[in-house]
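1. sequence first, predicted model second:
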Amino acid sequence: MQLNETHDKNLTSWVSSANANTDFPIQNLPFSTFRRKGSNEVFRGGVAIGDQVLDLATVARLELFDKQAQQAVEAAAGKNLNAFMAMGQAHWSALRLALSRALRTDSELQNQLQDALIAQSDVEYDLPCHIGDYTDFYTSIYHATAVGSLFRPDNPLLPNYKWVPIGYHGRASSIGVSGQSFPRPKGQTKAPDADTPSFGPCKRLDYELELGIYLGKGNELGDTIALDDADDHVFGFCLFNDWSARDLQAWEYQPLGPFLAKNFASTVSPWIVTNEALAPYRLAWTRDENDPQPLDYLESSKNRELGALDIQMDVAVETEKMRSEGKAPYRLSQSSFKHSYWTVAQMVAHHTVNGCNFQPGDMLGSGTQSGPEHEEAGSLLELSRGGKEAIDLGNGEQRKFLEDGDTVIMRGWCEKEGYARIGFGECRGTVLPAK
């Protein structure tokens, strides 16, 4: 993924809010689907610029762009982004460049585009695309080791972990957009001293701080995506909360992995930050010399040089008491995707090495992104050391796991000297009482 004029730190926009402290400066330009709050409007594609949404349906009707960018904006103006995502890197990049030029200070298109702006405070979001399939990976070795030590203290990290990007097929139908609320899940649990399992509401409800990775251009069944070709297929990224019922998980997860512990709800942030927008924040990827080195299909000089991404993420909790007292949410932890044991390209290459076909809009979960330090843990399971230590929320409340009424808020951003800071917005979800 190459740097280009859209990444220039010195670019400013005629949309004044894009030039202040914002997740959405002109160097970002993420995509979503939206409509005005409380309206019967059709959801359509939009781009974030400052505190505004640029309505791509309006832009498409104006026919302001050259052929390739015009084709792209017409596809992105639909009820979801799948058709645009299917077009591939050339169209994605052409539209990003056209939008960047159109929204820059002194753009000749300002007067024509002014009426295409709608305040973000006045809109509501849908999922940005139809997610046909969703696979959740397990790419943080720190999370895998910490959780493994709780579930399997004698064998915390299974021997295949350092050889294979581990993943499981998740449930796409229960993925919702930020603002999602859901009832506490019910299911079977089994206490260590019980002879038989019991049924009832989950008692150890948790979040997982993850990235979502959206696939654009797919591959035919039987074809593979080579490691160094992954960028041609990865459209962009979002924040992803993979809600988890830990007590259900402990009873059900062997031998086939998570089931009811994971499929009741997952939440994504509404904006897709494109792969191209993240190009400045790539880093070298390394594998400890004492660990097994990747097999040939998961190894390349390009992946070594630019495979990692420094996406900062944090998570906070807002309790009912905090809301009633007007108190700010309490930040629980912060980590970075740069700690991931496997890269996005390795996930894509491994997922398709057997001939599995991706389709536009498919999503990968990164797995919980925990860092090397305890305070960088991406779940309450880790922060509370398996529920053994309560976390002080600074207002007289404590948590080991989530309670009814708790809202979990995830944020993400990238910053690097010489480049603009860009962000992902929020991923917010609330736990309701069990039905």
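-> Here it is on my side, so go on. Residues are numbered from 1 along each chain as shown.

2. part of a strand, is residue 61?
-> No. Read with DSSP: H, G, I helix; E, B strand; the rest coil, residue 61 is helix and lies in no strand.

3. so how far is residue 29 from it?
-> 20 Å (CB to CB, to the nearest Å). The C-beta positions use only the backbone N, C-alpha and C, and glycine is treated the same way.

4. more crowded one of these two?
-> Neighbours were counted for residue 61 and for residue 29 using other CB atoms under 10 Å; residue 29 has more, 26 against 13.

5. got a list of what the more buried one touches?
-> 6, 47, 48, 49, 96, 99, 100, 103, 274, 277 (CB atoms under 8 Å, 6 or more residues apart in numbering).

6. host element of the fifth one?
-> Pointing back at residue 96 there. Using DSSP states H and E, residue 96 sits in helix 89-103.

7. what are the buried residues along that helix?
-> Buried residues in helix 89-103, counted by 16 or more other CB atoms under 10 Å: 89, 91-103.

8. returning to that earlier point: which one of the contacts of residue 29 is nearest residue 344?
-> Nearest to residue 344 among these, counting by CB to CB, is residue 274 at 13.1 Å.

9. state the distance from the nearest residue to residue 166 once chain neighbours are set aside to residue 340.
-> Leaving aside its sequence neighbours, residue 166 sits nearest to residue 138 (CB to CB, 6 or more residues apart in numbering; 4.3 Å). According to CB to CB, residue 138 stands 10 Å off from residue 340.

10. more neighbours, those two?
-> A direct count of neighbours by other CB under 10 Å for residue 138 and residue 340 places residue 340 higher, at 26 against 21.

11. which residues sit in contact with that one?
-> Residue 340 neighbours (CB under 8 Å, 6+ apart): 139, 140, 308, 366, 369.

12. let me know the closest of the buried residues of helix 89-103 to residue 73.
-> Closest to residue 73, out of all of those and judged by CB to CB, is residue 95, at 5.7 Å.

13. right, and the closest one touches residue 76 too?
-> Yes. Between residue 95 and residue 76 there is a contact under CB atoms under 8 Å: 6.6 Å.

14. need the overlap of contacts for the two.
-> With CB under 8 Å, 6+ apart as the test, residue 95 and residue 76 both reach residue 84.

15. phi, psi of the residue of the chain positioned farthest from its centre?
-> Relative to the C-alpha centroid of the chain, counting by CA atoms, centre = their mean, residue 195 is the outermost residue, at 40.0 Å. For residue 195, the backbone dihedrals (degrees, to the nearest 10) come out as phi -80, psi -30.

16. next one: residue 34
-> According to degrees, to the nearest 10, residue 34 has phi -150, psi 170.

17. ends of stretch 32-51, how far apart?
-> 14 Å (CA to CA, to the nearest Å).

18. now it: average pLDDT?
-> Averaged across stretch 32-51, pLDDT comes to 97.
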